[in-house]
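Engineer: just the structure for this:
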Amino acid sequence: MSVKRQQQPQIKFYANNEETRKAFKVYCARKGLSIQQVLEAYMMQLLDKEDAE
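Structural biologist: Model (predicted):
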């Protein structure tokens with residue numbers, strides 16, 4: 001019997017400095033989404049853009 005992973009792989013977010021990291025957290029909070037959700041949506045946009053080219 002194979003065991004299926006319960007979680008998706010996490011997308012990591014690295015900021016140059018603390019101010020950028022905090023600004024990104026505020027952006028996510030204002031959107032009402034988790035950091036992971038925002039990063040996943042951004043990755044999907046990049047993939048869609050790449051497919052269109």
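Engineer: which element, helix or strand, includes the residue nearest in space to the middle of the chain?
Structural biologist: Centroid check for the chain by CA atoms, centre = their mean gives residue 39 as the closest residue, at 1.4 Å. Using DSSP states H and E, residue 39 sits within helix 35-52.
Engineer: just give the nearest non-adjacent residue to the residue nearest to the centre of the chain, would you?
Structural biologist: Take residue 39 and drop its neighbours on the chain: the residue closest to it by CB to CB, 6 or more residues apart in numbering is residue 11, 4.2 Å away. Using the backbone N, CA and C atoms, a C-beta is placed for each residue, glycine as well.
Engineer: quick one: that neighbour from residue 27, how far?
Structural biologist: The gap separating residue 11 from residue 27 is 15 Å, by CB to CB, to the nearest Å.
Engineer: where does this structure dip in pLDDT?
Structural biologist: Within the chain, the ranges that satisfy pLDDT under 70 run 1-8.
Engineer: buried residues in stretch 32-44, which are they?
Structural biologist: By neighbour count with 16 or more other CB atoms under 10 Å, stretch 32-44 contains the buried residues 35, 38, 39.
Engineer: okay if I get those residues as CSV plus distance to residue 53?
Structural biologist: As requested, these are exported to CSV (distance: CB to CB, whole Å):
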residue, distance to residue 53
35, 28
38, 23
39, 22
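Engineer: quick revisit: these two touch, right, the residue nearest to the centre of the chain and residue 13?
Structural biologist: Yes - using CB atoms under 8 Å, residue 39 is in contact with residue 13, at 5.9 Å.
Engineer: gap between residue 22 and residue 47?
Structural biologist: Per CB to CB, residue 22 is found 28 Å from residue 47.
Engineer: against residue 50, how distant is residue 36?
Structural biologist: The value you get for residue 36 to residue 50, if CB to CB is used, is 21 Å.
Engineer: cool, residue 43 as well?
Structural biologist: Taking CB to CB as the measure, residue 43 falls 11 Å from residue 50.
Engineer: ok, back up a step: which neighbouring elements make contact with the helix holding residue 39?
Structural biologist: helix 18-31 (3 or more CB pairs under 8 Å, 6 or more residues apart in numbering; DSSP states H and E).
Engineer: appreciated, that's everything.
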